[in-house]
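>>> got a sequence here, can you build the structure:
(one chain, ligands or ions: 2)
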Amino acid sequence: MPVKIAFIGFGGVGRALAEIIEEKRFRLREDYGLDAVVVGVSDVMKGAVYHPDGLDIPVLLKGLKDHGTVEAYPELAGVVKGWDSMEMIDHSHADVIVEVTYTNVETGEPALTHCRRALDQGKSVLTTNKGPVAHAYEELTRKAEEKGAFFGFEGTVMSGTPALRLPEQTLAGNTIHKIKGILNGTTNYILTEMERGLEYGEALKQAQGLGYAEADPTSDVEGYDVRYKLAILSSHVFGVALSPEDIPCTGITGVTASDIQEAEKAGEKWRLIGTLTLDGDRVTGIVKPERISAHEPLAGVSGALNAILYDCDMSGPIFMTGAGAGLKETGYALLIDLIHYHKQQSRIKV
Ligand SMILES: NC(=O)C1=CN([C@@H]2O[C@H](COP(=O)(O)OP(=O)(O)OC[C@H]3O[C@@H](n4cnc5c(N)ncnc54)[C@H](OP(=O)(O)O)[C@@H]3O)[C@@H](O)[C@H]2O)C=CC1
Ligand SMILES: N[C@@H](CC=O)C(=O)O
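Numbers count the residues shown, from 1 in each chain. Ligands and ions are numbered 1, 2, ... in the order given. Here you go, the predicted structure:
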């Protein structure tokens, strides 16, 4: 049975997943027996289109590229256009809703409502949107379980680098007391470009052009994005809900070119670091720029790369580095979730 997918939001990450599904169609069938079909897209400015039997991805993407709207899709029998996000969730026969609207760092909306609505109907949800996961981890994971649905959010922390499945699956059995990392691609890109002499404003513009930054980059440069990621890690790894507002947070806007040059002269680097510490059943977190020795592993992490260190009681410190942002990389994170969704469904059906 094909897995029917509908996108809510069709910006860079949504389109990247659609391209990956098209590119990997044969491998997904051969290796996992997964036949992924995109049945719908609903986006504010790019319009909406739905067909219960599936949309042709190259035709969909070409129409969007040439005309700026997915509603350029041919008027075939059965095609419906113009549904808003709620109509797509309610009326489409999608098995999986891919929620890839912008991250709202204050309320998590409208993504939180999209996730609730889909899960309430027993539809599975895959998202890279940090808002709903940081605000309502417990509620949404419980709802998914009650409804027999799947809730996947690997891409919310470190994009396509499996920062959430690593502690959950590969490091199973360890007790992790501390997590520390560089968890924002945009700010790490800015800081390393500034080391090379680029001005802050130009480096930010480049990060935006490369698809790393949030729709409102204040979230990146003021550290709010990292605060969200720490809240997700606290729930997922420690099982302790930590409100983003309870994490003291300083971004990189106060780090000047001369601060960076001074650090360089002393053999040091500035990095925006997020830290979580578990003490008994209490978790504390902090986000702040730190001046660290150039010999520390985190100092060697450049550009949009991120890194995370899990302090484990049995395996010792485990350090992982990889993409922290990027359209293809984040689309890939959704693919990881899609494959896991499919494996779970296949087990249920057996
Ligand atoms: N880019 C990256 O490297 C990473 C991104 N993420 C997260 O993934 C998500 C998507 O990122 P990205 O694709 O880069 O962001 P974009 O800003 O490119 O895309 C978001 C899309 O959502 C659409 N949208 C906004 N509100 C609604 C709504 N109510 N209903 C339907 N569509 C809506 C926007 O529409 P329009 O523009 O047409 O108004 C836009 O097309 C974000 O939450 C981001 O935080 C996570 C990890 C990495
Ligand atoms: N804007 C974010 C995207 C990924 O979460 C970043 O730069 O890390």
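>>> domain boundaries for the chain, per the record?
3-160+328-349, 165-323 (automatic domain parsing).
>>> would you format these as a markdown table with mean pLDDT and distance to ligand 2 included?
In short, each C-beta sits where N, CA and C put it, glycine included. What follows is the domains of the chain, written out as a markdown table (pLDDT from 0 to 100; distance: least, C-beta to the nearest ligand atom, whole Å):
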| stretch | mean pLDDT | distance to ligand 2 |
| --- | --- | --- |
| domain 3-160+328-349 | 97 | 6 |
| domain 165-323 | 97 | 3 |
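>>> of those domains, flag the one that's most buried.
domain 3-160+328-349 (a mean of 20; mean count of other C-beta atoms under 10 Å).
>>> out of the domains of the chain, which comes closest to ligand 1?
Ligand 1 lies closest, by C-beta to the nearest ligand atom, to one member of the domains of the chain: domain 3-160+328-349, at 1.8 Å.
>>> does ligand 1 sit close to the closest one?
Yes: Domain 3-160+328-349 reaches ligand 1 (C-beta under 6 Å from any ligand atom) through 8-14, 42-46, 85, 100-103, 110, 128-130, 155, 159, 330.
>>> show me the contact partners of stretch 167-176.
236-238, 278, 310-315, 318 (C-beta atoms under 8 Å, 6 or more residues apart in numbering).
>>> what's the first-to-last distance across stretch 267-287?
Stretch 267-287 has an end-to-end distance of 23 Å (criterion: C-alpha to C-alpha, to the nearest Å).
>>> quick one: it to chain centroid distance?
20 Å (C-alpha atoms, centre = their mean, to the nearest Å).
>>> same deal with stretch 30-46?
Relative to its chain's centre, stretch 30-46 lies at 17 Å (C-alpha atoms, centre = their mean).
>>> quick one: end-to-end length of it, please.
33 Å.
>>> who are the contact partners of residue 293?
The contact partners of residue 293, by C-beta under 8 Å, 6+ apart, come to 267-268, 299.
>>> and if you look at residue 116?
Neighbours of residue 116 in contact, by C-beta under 8 Å, 6+ apart: 136, 139-140, 143.
>>> in which helix or strand does it reside?
helix 111-120 (DSSP states H and E).
>>> next structured bit after that helix?
Assignment by DSSP H and E places the next element after helix 111-120 at strand 124-127.
>>> render the CA-only coordinates of that next one in CSV, please.
In CSV, the C-alpha atoms belonging to strand 124-127 read as follows (Å, rounded to 0.1, in the frame of the first residue of the first chain):
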residue,chain,number,x,y,z
SER,A,124,0.8,10.6,11.5
VAL,A,125,2.9,13.7,11.7
LEU,A,126,6.4,14.3,10.6
THR,A,127,7.9,17.7,11.4
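>>> hmm, back to that, mind listing which of the residues of domain 3-160+328-349 next to ligand 1 are in strands?
8, 42-43 (DSSP state E).
>>> and those, which is closest to residue 91?
residue 42 (10.4 Å; C-beta to C-beta).
>>> I'd say that closest one and residue 81 touch.
No: Residue 42 is beyond contact range of residue 81, at 10.1 Å (criterion: C-beta atoms under 8 Å).
>>> overlap of the contact sets of the two?
48, 50.
>>> how about the contacts of stretch 167-176, which pair is most distant?
236 and 314 (19.4 Å).
>>> what's the burial count for whichever residue of the stretch 201-350 of the chain sits closest to ligand 2?
Nearest residue of the stretch 201-350 of the chain to ligand 2, counting by C-beta to the nearest ligand atom: residue 325, 3.8 Å away. Counted with other C-beta atoms under 10 Å, the neighbours of residue 325 add up to 29.
>>> a helix runs through residue 344, doesn't it?
Yes: the assignment for residue 344 (DSSP: H, G, I helix; E, B strand; the rest coil) places it in a helix.
>>> residue 40 belongs to a strand?
Yes: the assignment for residue 40, made by three-state DSSP, places it in a strand.
>>> partner residues bridging it?
In this entry, residue 40 is beta-bridged to residue 6, residue 50, by DSSP bridges.
>>> so who does it touch?
Taking C-beta under 8 Å, 6+ apart, one finds 5-7, 48-51, 55, 83, 88, 92, 94 in contact with residue 40.
>>> looking at those residues, which is nearest residue 165?
residue 5 (20.6 Å).
>>> how close does the closest one sit to residue 144?
Relative to residue 144, residue 5 is positioned 17 Å away (C-beta to C-beta, to the nearest Å).
>>> residue 161 too?
In terms of C-beta to C-beta, residue 161 sits 23 Å off from residue 144.
>>> quick one, strands of the stretch 251-350 of the chain?
268-279, 282-293, 305-312, 316-323 (DSSP state E, counting those that start in this stretch).
>>> mind putting those strands into JSON lines with distance to residue 148?
JSON lines is the format used below for the strands of the stretch 251-350 of the chain (distance: least, C-beta to C-beta, whole Å):
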{"stretch": "strand 268-279", "distance to residue 148": "31"}
{"stretch": "strand 282-293", "distance to residue 148": "30"}
{"stretch": "strand 305-312", "distance to residue 148": "31"}
{"stretch": "strand 316-323", "distance to residue 148": "32"}
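>>> thanks a lot, catch you later.
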